[in-house]
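Asks: I need the structure of the sequence given here:
(one chain, ligands or ions: 3)
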Amino acid sequence: MIPIDAFKTTAENQWCPGCPNFGIQTALKRALSALDLAPHQVCLVSGIGQAAKTPHYIAANVFNGLHGRSIPAAIGIHIANPALKTIVTSGDGCIYGEGGNHLLHAFRRNPDITVIVHDNQIYALTKGQGSPTTRRGETTRMQFDGVAIDPSQMLATAIVHDCTFVARGYAGDLEGLSALLQRAIAHRGLSLVDIIQPCITWGNHPVEWYKERAIPIPDDHDPTHRNQAIALALEAPDAFPIGVLYEKPARETFGAVYRQQTAGKPLFELQALDPGIVRKRLAALRIDATPSFREPYKGAQ
Ligand SMILES: Cc1ncc(C[n+]2csc(CCOP(=O)(O)OP(=O)(O)O)c2C)c(N)n1
Ligand code: SF4
Ligand SMILES: [Mg+2]
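Replies: Ligands and ions are numbered 1, 2, ... in the order given. Okay, here's the model as predicted:
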C-alpha cells in the first residue's frame, strides 16, 4: 500500500482553520493510498475556488486551470494518457455553474474520470455569493433578499444521462467518505461524488445543521434502479442521502470510442499530423473556398 505521507506537499495551506475541505483532502489521500495508486499515477485537475486548491495540497500530477474549465482539461489529459487516474476536484460554483455545460456533456461522453464536488452551497473564494446549490430563499452577501430560484439538481441530471456512478458523501465522515471515493475512483466510466462540505466562514448554516441532514441511504435502496435513484436524488433540499445513489456497469467510455479511430493507441503515442495536411484542412475551412456561403440568400431578393 502507498503510504499516506507520499501525498504530502510543502505548499502553504490557505483554507480557514477547521474548514471541512481538510476532511475531503484526507479522505482522498486515504482512498488513493488504499487503491495503491502512487502520486505519479494520478492527475488532479481543478478550476478556481477554495475546493480547486486541493491539487496544491496533494502530491500528484496537477493541472490547475481556469474557473469552470476543469472537465475539458481532464478529458484531454485522460485521452492523452489513459494510464493516469484523472480526478477532478471542484467547487459547486465552478463545476455546476460556469462549468455546468461541460459537465452535462461529460455525462453523455462518459470519460473514465472521477469528479469530486466540494458542495458548500456558496461561492466561498469570492466571499459568499449564492451558487447553483444555494437553497431558494437563503440570503447571501449578494442576494440580500434571498435567492429567488430553486437550486440545480445535478445528481438527478447525472442519473437521467445514465452517468453510471453517482454518489453523495459528507466531509465530516472521514471513513465513509474515503470508502466512497475508493469505489468512485475504481469505477470504470465517469463517476460523480457530490460531497456536502459546510463552509464555516460564509455558509448559511452551522456544521450541526448539515450533520443532522446527512443521512445514510437506506439499505433497501436499489442503486441499479434508475427511477428510484432519481427520486432519492430529488429528496434534497430536505435531506442529504449519503452513499451511492446510482451504480451500474459502465457503458462504452469516451476513451474507448476515441481509440477506435487510433488503432487502440492513446493520444500521446500518435505521431503529430503532417503540417501539409493541417494546412489543407484549414484551407478547406476558408470562406472563399466555399462559394455557396457567399451567394446572396435567394429569399431576400
Ligand atoms: C472565468 C471566471 N469567472 C469567475 C471567476 C471568479 N470566481 C473565482 S472562484 C469563484 C467561485 C468559486 O466557488 P466554488 O466553485 O463553489 O468554490 P468554493 O470557493 O466555494 O470552494 C468565482 C465566481 C473567475 N476566477 N474566473
Ligand atoms: S471560506 Fe469556507 S470553504 Fe473556504 S476555506 Fe474558509 S471555511 Fe473553507
Ligand atoms: Mg462552493
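
Asks: my guess is Ile77 contacts Val62. True?
Replies: No: taking contacts as CB atoms under 8 Å, Ile77 lies outside contact range of Val62: 10.4 Å. Where you see a C-beta, it was placed from the backbone N, CA and C, and this is true even at glycine.

Asks: overlap in contacts of these two?
Replies: Common contacts of Ile77 and Val62 (CB atoms under 8 Å, 6 or more residues apart in numbering): 43, 45.

Asks: those two: which has the busier surroundings?
Replies: Comparing Ile77 with Val62 by other CB atoms under 10 Å, the one with more neighbours is Ile77, at 20 against 15.

Asks: what's the neighbour count on the one residue in the chain that gets nearest to ligand 3?
Replies: Nearest residue of the chain to ligand 3: Gly91, at 3.8 Å (CB to the ion). The tally of other residues near Gly91 (other CB under 10 Å) stands at 33.

Asks: for it, give me its contacts.
Replies: Residues in contact with Gly91 (CB under 8 Å, 6+ apart) are 47, 49-52, 117-120, 123-125, 131.

Asks: compare the residues you listed and tell me which has the most neighbours.
Replies: Ranked by neighbour count (other CB under 10 Å), these have Asn120 at the top, with 31 neighbours.

Asks: so that one makes contact with Gln197?
Replies: Yes: counting by CB under 8 Å, Asn120 touches Gln197, with 4.7 Å between them.

Asks: give me the common contacts of the two.
Replies: Among the neighbours of Asn120, those also in contact with Gln197 (CB under 8 Å, 6+ apart) are 20, 51.

Asks: could you measure from the residue sitting nearest the centre point of the chain over to ligand 2?
Replies: Computing the C-alpha centroid of the chain and ranking residues by CA atoms, centre = their mean puts Val115 first, at 3.0 Å. As for Val115, its distance to ligand 2 is 18 Å (criterion: CB to the nearest ligand atom, to the nearest Å).

Asks: one more: Ser191?
Replies: Distance, Ser191 to ligand 2, using CB to the nearest ligand atom: 23 Å.

Asks: any idea how far Ile77 is from that residue?
Replies: Distance, Ser191 to Ile77, by CB to CB, to the nearest Å: 16 Å.

Asks: before we move on, what about Leu180?
Replies: According to CB to CB, Leu180 stands 23 Å off from Ile77.

Asks: could you do Lys85 as well?
Replies: According to CB to CB, Lys85 stands 10 Å off from Ile77.

Asks: okay, and the common contacts of these two?
Replies: In contact with both Lys85 and Ile77: Cys43, using CB under 8 Å, 6+ apart.

Asks: ok, back up a step: the residue nearest to the centre of the chain contacts Val193, correct?
Replies: Yes: counting by CB under 8 Å, Val115 touches Val193, with 7.2 Å between them.

Asks: how about the helices in the stretch 101-250 of the chain?
Replies: Ranges of helices within the stretch 101-250 of the chain are 154-160, 174-186, 207-213, 226-233, based on DSSP state H, counting those that start in this stretch.

Asks: for these, which one ends up most surrounded?
Replies: Ranked by mean neighbour count, the helices of the stretch 101-250 of the chain are led by helix 154-160 with a mean of 22 (mean count of other CB atoms under 10 Å).

Asks: can you report phi and psi for His56?
Replies: Main-chain torsions, His56, degrees, to the nearest 10: phi -70, psi -30.

Asks: which residue, other than its chain neighbours, is closest to it?
Replies: Nearest residue to His56, sequence neighbours excluded (CB to CB, 6 or more residues apart in numbering): Ala11, at 4.6 Å.

Asks: excluding its backbone neighbours, what's nearest the residue of the stretch 201-301 of the chain found nearest ligand 2?
Replies: Proximity to ligand 2, evaluated over the stretch 201-301 of the chain using CB to the nearest ligand atom, is greatest for Thr201 at 3.9 Å. Spatial nearest neighbour of Thr201, chain neighbours left out: Cys16 (5.2 Å); criterion: CB to CB, 6+ apart.
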